[in-house]
Each structure stands twice: as C-alpha cells, then as structure tokens.
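Student: With the sequence up front, the predicted model follows.
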Amino acid sequence: MSKSVLPYFVVGEVIKGFGRGSKQLGIPTANFPPSVVKDLPEDLNTGVYFGFASIDKGDVYKMVMSVGWNPYFKNKQKSMETHLMHTFDEDFYGKELRVCILEYIRCEKDFTSVEDLVKAIKCDIDTANVKLDTDKYIHSSISSGLCTKYFVFLYVKKKLISRMALSAASRVSLQLLKELPTGFLKPCIASSNLELVRYRRTKHYDPKFKFLRSLKFIKVKLPDYNETNDNLTEEQMRAKLKERGLLPKRPWMEHQYFISSTGAVFEPYVPPEGDGKISPITAQGAKQKIQFLEKKTKTMMAIRKIRSFEEDFDTTQFCKKAENIYIKAHECMALKDKDEIIKYVTERAYPEVIHNMENKTISWKFLKSIELPRVVHARCTDIVTKENMFGQVTVRFHTQQVLAVYDRFGRLLQGSEIIAKDVLEYVVFEKHIANEYGIWRIHDKIIPDWLPPREPSHITFKKFPEPAEAEVDNQDEQVASKKKSTSEVVAT
Ligand SMILES: Cc1cc2nc3c(=O)[nH]c(=O)nc-3n(C[C@H](O)[C@H](O)[C@H](O)COP(=O)(O)O)c2cc1C
Ligand SMILES: Nc1ncnc2c1ncn2[C@@H]1O[C@H](COP(=O)(O)OP(=O)(O)O)[C@@H](O)[C@H]1O
C-alpha cells in the first residue's frame, strides 16, 4: 500500500507523452521524465494516488496521479501521469512540476472500454476532491512532515482567503517549499507520516469559522536579552518602559513605614515629693504648687483622652498592669531574652536596654512594693496625623528589689545579691492608643533632679605586672611575663 513512504515528493520537468490524455480521455495528464520515474522508491507501488501539485512554484492544486504501465494501453515503460484538478489556459510542457503524493486510491486496472477508464478516472478525481477537503489534510498537517504541512497549509489558505491575507508565516513556508530540493526533502519525507496527532472535535466544521480562526494569531515579541540601555535617551527609555508596562524608577527611595513608638517622653515631669518639695510660703514653692496643679489638670485631661480610645482604662488597674510589665521587663533583662523584651519595652527604649544587658550578668529579684504604684503623670500626643495618637503614663514605683550586676569577667559592678534595696522609680509607659493592637510598654525612666544621685558603678581596672628581675634569664622572663599579663586583679 506504499503507506510507509507517503507522503512522497517528486519534482521534475513536464515532458510529452503519447498525447492520449487530452484527446482520447479528455483528461490531460502531465508526464515526468523516465529518469524521475526510475528514481521512485520500490515501496511506492504502482497504482492511482492523490495529493497536491504546483507548476513552476506557483499555486498549489489538488491532483490525481497514475503510477505504472497503464494496463489499458499496455505501455512498455513505467510512467507517472499527473492530472491537476484545475483548468489551465495553456500547456505547461518543459515547466517544473512538483507533486506531493499523499494517499493511495486503487491499483491500475485494465478496462474493456475507454469510457470505463474515463469513468474510473473521474471517480478517482471525486474521491480525491472529497478526501483532500477533509480535516485530516487541513488540521493534521503538523504531523505530516515539513513539506506536506506547507503544501496543505497553503492550499487551505489559498482556498479560503485571498493571497493578500496570507500571514508572514505562510509566505515564509511557501518560500521554503520553493527552495527545497528533492534530495534535501528525502530524509524528512522518510521520517514523516500522516497520523493524526491532534484532533479537536470542538472545532466548528463550517469553513467560515476556519477562516476566522486562521485570522486569530498573536505576534509575540521575543525579549532581547543582550539589550543595553546605554545609548538610549531619557525619552526613549521612558517610551520603552511604557511599552512594557513598567513604572519608571524614582530617584528617591520610597518605603512604607510605621511608627510604633515615639522617640521621647512628651513631658518628663514628676510631681515633687520629699526633698523635691519646696516650702509653699516661698515664691519658688508657690510656683511649684501652681505648676503641680496645672500638670495635674493636664494629666486628668490626658487620661480622659486615653479613655476615649481605651474605654476601660482605669488608673488602679493600670498600675497593677504596669507593675507586671515592669517586673517582666526586668526579668527578661536578667535572662537576656532579647526577643521577649520587645513585648515590654518600646522601640525607643529597646537599644538602651540591650546595651545595658550586653557583656553583663544581671541578677534581679523583685521582693515587694513598699507603696502601691500610682499614676503621677499622663500625656497624649498625636504624631504625623491627628488621629495617630500616643499615650504616655508615668507610674511611680516604690519597691524593694535585689540587684547585682557583674561584668563579663564576673566582677561585681553594682549592687549585691544579698542586700535588698528600696528603689523609687518613675517609669514612663507608652501605648499607641490609636492602634487597635497597641500595648502598654516601658518607654523611659525619669530621674527627677531632686532625687539623690544614683550610686556609681564600681570601677574595675587592670593591674600591670611589676618589672621582672634582671638576673632572670630570658626564657624565665617570658614565661613570667606571660603569666603576669594574664593575671588581672580586680580592685573595687
Ligand atoms: C487518476 C488516473 C487513473 C488512471 N487509471 C488507469 C487505469 O486504471 N488503467 C490504465 O490503463 N490507465 C490508467 N490511467 C492512465 C491513463 O490511461 C493515462 O493517463 C492516459 O493513457 C494518458 O497518457 P498520456 O498522457 O501518455 O497520453 C489513469 C490515469 C489517471 C490520471
Ligand atoms: N489540468 C491539467 N493537468 C495536467 N496537464 C494539463 C492540464 N491542463 C493542461 N495540461 C497540459 O496537457 C498536457 C498533457 O496532455 P496529454 O494529452 O496527456 O499529453 P501528453 O501525453 O503529452 O502528456 C500536460 O503536459 C500539460 O502541458
């Protein structure tokens, strides 16, 4: 059945035959020279075939072909006779005929009359006409080898749309077809077959839609990876970016930021007490008293403001909460838990706290509150926008604690692990009250000027070794100096 060699491509000059086709049968058939016929593969059996053909690289037409000895006429020489299914104005002897043999129809037969032969040939033409119009030759072209593809493709295009509408791709493929010699085609023909690889039943059979579908193609511009921007003007660059839907780079850096804590204490005031109190009968004392009353009023207003954001804000409850935060923060410091501590101190206080923790060993214990913690001052301030409100509350802690701080060599810097001390502290707590997820955290500590100064830390220093004796030989000297240099003496 010759299926393995099909589709088969033949190119050759049209030569004269016996002149029976037009005259006797009324079906002209163009003949290939004997050299071309001789080159036909053995696998291509004699018989009747159909396919496509073109003259002098021109338009592509359907064709029927007879390969063999024409038993009716009892020819002595094997011939290939192609009838192109088109009416030509004139003969094309000497011109180049290209054929693509696609499918076998039947074997050659002997007939009792010319009429029967003509009838059989006409029947072959009808068969070819119908089969070549089927989807198999229109849509399965991809699998049918390079040249069939182009033949079929062009044929379909030609039939359905004008040549002007041929896409660039079809023009290129036409060119390819015209340029490719038979010898070059051979390997590709051998490896091809006409099996259907993709068949979509969803496609509409109406050729009208085929046409519309064929118009649906998108040209994709491939990116140029070697492209450089060096020679582009600013305008060209902008146009290019616009074309690609990119926003031009801005000369400034733009980052979203979120203020979770303020950078300072709005009003570092604590009401005077003990030594800080000046006698009210002096001018200074009177001034202090007025200032106290003024600050107190403002504190009341600030608390009211906080309540507008945090409905259940209550100073007594808050003091308990503040004490808890205070204890937790100090415990985290002692444990050096850098991750946990951010829950209890604000971003402003964090670096300071971390710095105080570094290279130190802290032993801290909260024993008791000598006096209940109380709110002594409160303020509210908005940052950037009016609604972005922060609240700061200063709490007075009078507690008993044990604190001992050691340096990295284990030398005591401050305090004692045995002796408990009374501590009076004014701790400022801050909350981003406008933020639903804001929490109260330690923001700062206020040390009023009337409080006695803090006990300074012990100073530690290095004691240098005494000069070695002159008699000691070099070796001993080195060893001795080494030993001494490592022995650091702590002076407290
Ligand atoms: C489609 C087709 C089918 C043919 N079938 C037969 C056939 O069955 N038996 C036969 O003797 N010749 C067959 N022929 C060959 C014709 O007889 C041949 O084309 C005719 O003799 C013209 O020859 P000429 O061009 O050399 O003048 C067929 C030709 C065509 C185009
Ligand atoms: N549709 C056609 N198919 C094939 N050949 C055609 C067609 N129309 C015109 N011709 C011309 O007719 C010639 C074939 O006529 P034919 O009578 O069979 O003579 P010959 O025996 O010399 O081939 C072709 O060589 C070609 O020049």
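Tutor: Received, thanks. Residues are numbered from 1 along each chain as shown. Ligands and ions are numbered 1, 2, ... in the order given.
Student: in the protein, what residue is nearest ligand 1?
Tutor: Here the chain gets closest to ligand 1 at one residue, residue 17, 2.6 Å apart by Cβ to the nearest ligand atom. Every C-beta, even on glycine, is put in place using the N, C-alpha and C of the backbone.
Student: Next one: that residue, what pLDDT does it get?
Tutor: Looking at residue 17, its pLDDT reads 86.
Student: what are the ranges of the strands in the stretch 251-400 of the chain?
Tutor: Assigned by DSSP state E, counting those that start in this stretch, the stretch 251-400 of the chain shows strands spanning 361-382, 389-406.
Student: Please identify the deepest-packed of those.
Tutor: Among the strands of the stretch 251-400 of the chain, ranked by average contacts under mean count of other Cβ atoms under 10 Å, first place goes to strand 389-406 (a mean of 21).
Student: tilt between that one and strand 361-382?
Tutor: Interaxial angle, strand 389-406 versus strand 361-382 (axes from the mean of the first three to the mean of the last three Cα atoms, to 10 degrees): 170 degrees.
Student: oh, and call the first residue 42 from now on, that's how I've got it
Tutor: Happy to do that; since the first residue is 42 now, the last one works out to strand 430-447.
Student: Against which helices or strands is strand 430-447 packed?
Tutor: Using 3 or more Cβ pairs under 8 Å, 6 or more residues apart in numbering; DSSP states H and E as the contact test, the elements touching strand 430-447 are helix 324-350, helix 356-376, strand 402-423, strand 453-456, strand 462-472.
Student: just to revisit the earlier point, want to throw the strands of the stretch 292-441 of the chain into CSV with mean pLDDT and distance to residue 370?
Tutor: Formatted as CSV, these follow (pLDDT from 0 to 100; distance: least, Cβ to Cβ, whole Å):
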stretch, mean pLDDT, distance to residue 370
strand 402-423, 94, 10
strand 430-447, 95, 12
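Student: Kindly present these as a markdown table, with separate columns for distance to residue 322.
Tutor: Listed next are the strands of the stretch 292-441 of the chain as a markdown table, based on distance: least, Cβ to Cβ, whole Å:
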| stretch | distance to residue 322 |
| --- | --- |
| strand 402-423 | 24 |
| strand 430-447 | 26 |
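Student: For residue 483, give me its contacts.
Tutor: 366, 367, 370, 385, 386, 387, 390, 468, 469, 470 (Cβ atoms under 8 Å, 6 or more residues apart in numbering).
Student: Distance-wise, check residue 451 relative to residue 396.
Tutor: Per Cβ to Cβ, to the nearest Å, residue 451 is found 20 Å from residue 396.
Student: Next: residue 270.
Tutor: Distance of residue 270 to residue 396, computed by Cβ to Cβ: 46 Å.
Student: for residue 161, same thing?
Tutor: Taking Cβ to Cβ as the criterion, residue 161 is separated from residue 396 by 106 Å.
Student: Name the residue in these two with the higher neighbour count.
Tutor: The residue with more neighbours, out of residue 161 and residue 396, is residue 161; 17 against 10, by other Cβ atoms under 10 Å.
Student: Quick check: the more buried one touching residue 152?
Tutor: Yes: the pair residue 161 / residue 152 is scored as a contact, 6.7 Å apart, by Cβ atoms under 8 Å.
Student: In a helix, residue 102, correct?
Tutor: No: secondary structure of residue 102 (DSSP: H, G, I helix; E, B strand; the rest coil): strand, not part of a helix.
Student: burial count for it?
Tutor: Residues near residue 102, counting by other Cβ under 10 Å, number 18.
Student: picking up where we left off before, apart from its chain neighbours, what residue comes closest to the residue of the chain closest to ligand 1?
Tutor: Once flanking residues are discounted, residue 58 sits nearest to residue 72: 4.1 Å by Cβ to Cβ, 6 or more residues apart in numbering.
Student: Mind checking the helices and strands packed on strand 430-447 for the one nearest to residue 137?
Tutor: Closest approach to residue 137 among the helices and strands packed on strand 430-447 is made by strand 402-423 (90.1 Å; Cβ to Cβ).
Student: quick one, that closest one and helix 324-350 angle?
Tutor: Computed with the same axes, to 10 degrees, the direction of strand 402-423 lies at 80 degrees from that of helix 324-350.
Student: Can you show me the CA trace of strand 402-423 as PDB?
Tutor: Below are the C-alpha coordinates for strand 402-423, written out as PDB (Å, rounded to 0.1, in the frame of the first residue of the first chain):
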ATOM      1  CA  THR A 402      25.400  39.300  84.100                       C
ATOM      2  CA  ILE A 403      22.400  40.700  85.900                       C
ATOM      3  CA  SER A 404      20.800  39.200  88.900                       C
ATOM      4  CA  TRP A 405      17.500  40.800  89.700                       C
ATOM      5  CA  LYS A 406      14.700  40.000  92.100                       C
ATOM      6  CA  PHE A 407      11.600  41.800  92.900                       C
ATOM      7  CA  LEU A 408      10.800  41.500  96.500                       C
ATOM      8  CA  LYS A 409       7.800  43.700  97.200                       C
ATOM      9  CA  SER A 410       6.100  47.000  96.700                       C
ATOM     10  CA  ILE A 411       6.700  49.300  99.600                       C
ATOM     11  CA  GLU A 412       4.000  51.600  98.400                       C
ATOM     12  CA  LEU A 413       1.400  50.800  95.800                       C
ATOM     13  CA  PRO A 414       2.400  52.000  92.400                       C
ATOM     14  CA  ARG A 415       0.400  55.100  91.300                       C
ATOM     15  CA  VAL A 416       0.000  57.200  88.200                       C
ATOM     16  CA  VAL A 417       1.700  60.500  88.600                       C
ATOM     17  CA  HIS A 418       1.500  62.000  85.200                       C
ATOM     18  CA  ALA A 419      -0.100  61.300  81.800                       C
ATOM     19  CA  ARG A 420       0.100  62.900  78.400                       C
ATOM     20  CA  CYS A 421      -1.300  62.200  74.900                       C
ATOM     21  CA  THR A 422       0.200  63.400  71.700                       C
ATOM     22  CA  ASP A 423      -0.600  62.900  68.000                       C
END
